[in-house]
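In: Sequence and predicted structure, then a few things I'm wondering about:
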Amino acid sequence: MTVYFIGAGPGDPELITVKGQRLIRSCPVIIYAGSLVPAAVLEGHRAEQVVNSAELHLEQIVELIKTAHANGQDVARVHSGDPSLYGAIGEQIRYLRELDIPFEIIPGVTATAACAALLGAELTLPDVSQSVILTRYADKTAMPAGEELGSLAQHGATMAIHLGVNHLEKILAELLPHYGADCPIAVIHRATWPDQDWVVGTLEDIAQKVQAKGFRRTALILVGRVLGSDHFSESSLYRAGHAHLYRP
């Protein structure tokens, strides 16, 4: 018996790995995050038990897994995006280790990757930014020391900010001194879902654009010079005259 933490991707049911889809269709027990995982992701399943974890607390989820373990049933524990990012799987894994229940993590497409694809953007450009910071706004859960947005913004790297659209004005105030008012920024609502929508602007004007759209939740903020720059060097990888293992 194994518990499979499966990344279902950002919303589009086709953005799931072949392995993840195969496990969903074969596991006798499915526990899925129904608030963020569309029902279409579960199509084709033959599970004996399907439970929406959005209606449960942690201990109830663990009890379901314990029962499945006692019955020798594999569990597809389905999370949105990639389960290793804001998936709250760490607390579940801690219980599983204490109970000596085997588990495996199946990666998924992140919301950040989906938003970059929607915008037609590369998040790492030579001379512009070679780092991507994935972070969140400090709301219900405080950020560890040194991970405040203002501290991270000092790097000037491409940044993906989760769970912050309702606090956009405060976020902009922390970013402005480091990125500048003309820095490109995008706010993407429910990327890859049928009702996906987005706005692109600068740190100076994005707040009004987001207000006009009415985005209130399930939105990702992407900020960085990579979003608006055509001025960058070509990569060494494909540069004529640059030799490497496959192109002597």
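Out: Cool, the structure landed.

In: For the rest of this, base every contact and every neighbour count on C-alpha atoms.
Out: Will do.

In: Let me know how buried residue 97 is, in neighbour terms.
Out: Under the neighbour criterion other CA atoms under 10 Å, residue 97 is assigned a count of 11.

In: Am I right that it falls within a strand?
Out: No - read with DSSP: H, G, I helix; E, B strand; the rest coil, residue 97 is helix and lies in no strand.

In: ok, residue 137 - contacts?
Out: 149, 161-164, 167, 171 (CA atoms under 8 Å, 6 or more residues apart in numbering).

In: Kindly provide the distance from it to residue 41.
Out: As defined by CA to CA, to the nearest Å, residue 137 lies at a distance of 28 Å from residue 41.

In: hang on, the earlier thing: so which of the contacts of residue 137 are in strands?
Out: 161-162 (DSSP state E).

In: what would the contacts of residue 137 look like in CSV with neighbour count and distance to residue 89?
Out: Formatted as CSV, the contacts of residue 137 follow (neighbours: other CA atoms under 10 Å; distance: CA to CA, whole Å):
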residue, neighbour count, distance to residue 89
149, 21, 24
161, 21, 20
162, 20, 17
163, 18, 18
164, 22, 21
167, 13, 26
171, 19, 27
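
In: which one among the contacts of residue 137 gets closest to residue 205?
Out: residue 171 (13.3 Å; CA to CA).

In: Local confidence estimate at that closest one?
Out: In this model, residue 171 is scored at 95, pLDDT.

In: check contacts around it.
Out: 137, 149, 164.

In: Need these in a markdown table (columns: pLDDT).
Out: What follows is those, written out as a markdown table (pLDDT from 0 to 100):
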| residue | pLDDT |
| --- | --- |
| 137 | 88 |
| 149 | 92 |
| 164 | 88 |
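
In: Out of those, which sit inside helices?
Out: With DSSP state H as the criterion, helices contain residue 149 from among the contacts of residue 171.

In: Closest to residue 126 out of the contacts of residue 171?
Out: Of all these, residue 149 has the smallest distance to residue 126: 23.7 Å, by CA to CA.

In: okay, now the domains of the protein?
Out: 3-106, 111-228 (automatic domain parsing).

In: Now render those domains as CSV, adding distance to residue 235.
Out: Listed next are these as CSV, based on distance: least, CA to CA, whole Å:
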stretch, distance to residue 235
domain 3-106, 28
domain 111-228, 7
